[in-house]
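Novice: What would the 3D arrangement of this be:
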Amino acid sequence: MKSVIELWLVRHGESTFNAEGRYAGWSDPELTPAGEEMARALAAPLGSVAFDGIWRSDRVRTAETASLAGFPSARVDERLREIHFGDLEGLTYFQAGEEWRHRLRSFDDFEAPNGESIQELRQRVESFLGELGPGRHLVFGHGGWIRCVIASCGDSRFPDKAEIVRVDWTARRIME
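Specialist: Below is the predicted model of the structure:
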């Protein structure tokens, strides 16, 4: 196991922007009460696992999720942030319009107006993962960031709020 890089990727619990249907890339909304409950529920499946590294983004929603899940001292790394939505930040999905929703769903060719592209996000993902040593790593992050990782494993879905996705990064495969 020690020569393998195993990732336990956890999307944050529901934030106020999630509840309002808003884009929240680099914005910093807090968790809702439902999001706090989602985060607390992570303590049971994660609490008995030994991790070699525990990480989170610098956004409040991942700090709250990590803390409520029992990992308040997770190391912070800005590269774990969600994509920067630029002019779309804080807009509701309806306000942004169908064209932007479609572009984001297509994912690979998405580039936020005055924000970040999926390719730039992918570079941050690869930079972070390229520095991890062998072992089991817990990462509290964001949907788009996690989607970049799992897309490298052949899965293009968007992770749910407070979902745990296990990845054998060495073999580039999703673990059951």
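Novice: mind listing what's buried in the least confident helix or strand in the chain by mean pLDDT?
Specialist: Least confident helix or strand, the chain: helix 98-106 with a mean of 83, by mean pLDDT, DSSP states H and E. Residues 100, 103-104 are the ones in helix 98-106 that count as buried (16 or more other C-beta atoms under 10 Å). For every residue, glycine as well, the C-beta is placed using N, CA and C.
Novice: next helix or strand past it?
Specialist: Next along the chain after helix 98-106, taking DSSP states H and E as the criterion, comes helix 118-130.
Novice: For this structure, which segments count as helices?
Specialist: 16-20, 33-41, 43-47, 60-68, 93-96, 98-106, 118-130, 143-151 (DSSP state H).
Novice: Tell me where the model's unsure across the chain.
Specialist: Scanning the chain for pLDDT under 70 picks out 1-2.
Novice: C-alpha coordinates for the least confident helix or strand of the chain, PDB please?
Specialist: Provided in PDB are the C-alpha atoms of helix 98-106 (Å, rounded to 0.1, in the frame of the first residue of the first chain):
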ATOM      1  CA  GLU A  98     -28.400  28.200 -20.100                       C
ATOM      2  CA  GLU A  99     -25.400  28.800 -22.400                       C
ATOM      3  CA  TRP A 100     -23.100  29.000 -19.300                       C
ATOM      4  CA  ARG A 101     -24.800  26.000 -17.600                       C
ATOM      5  CA  HIS A 102     -24.300  24.000 -20.800                       C
ATOM      6  CA  ARG A 103     -20.600  25.000 -21.100                       C
ATOM      7  CA  LEU A 104     -20.000  24.000 -17.500                       C
ATOM      8  CA  ARG A 105     -21.700  20.700 -17.900                       C
ATOM      9  CA  SER A 106     -19.500  19.900 -20.900                       C
END
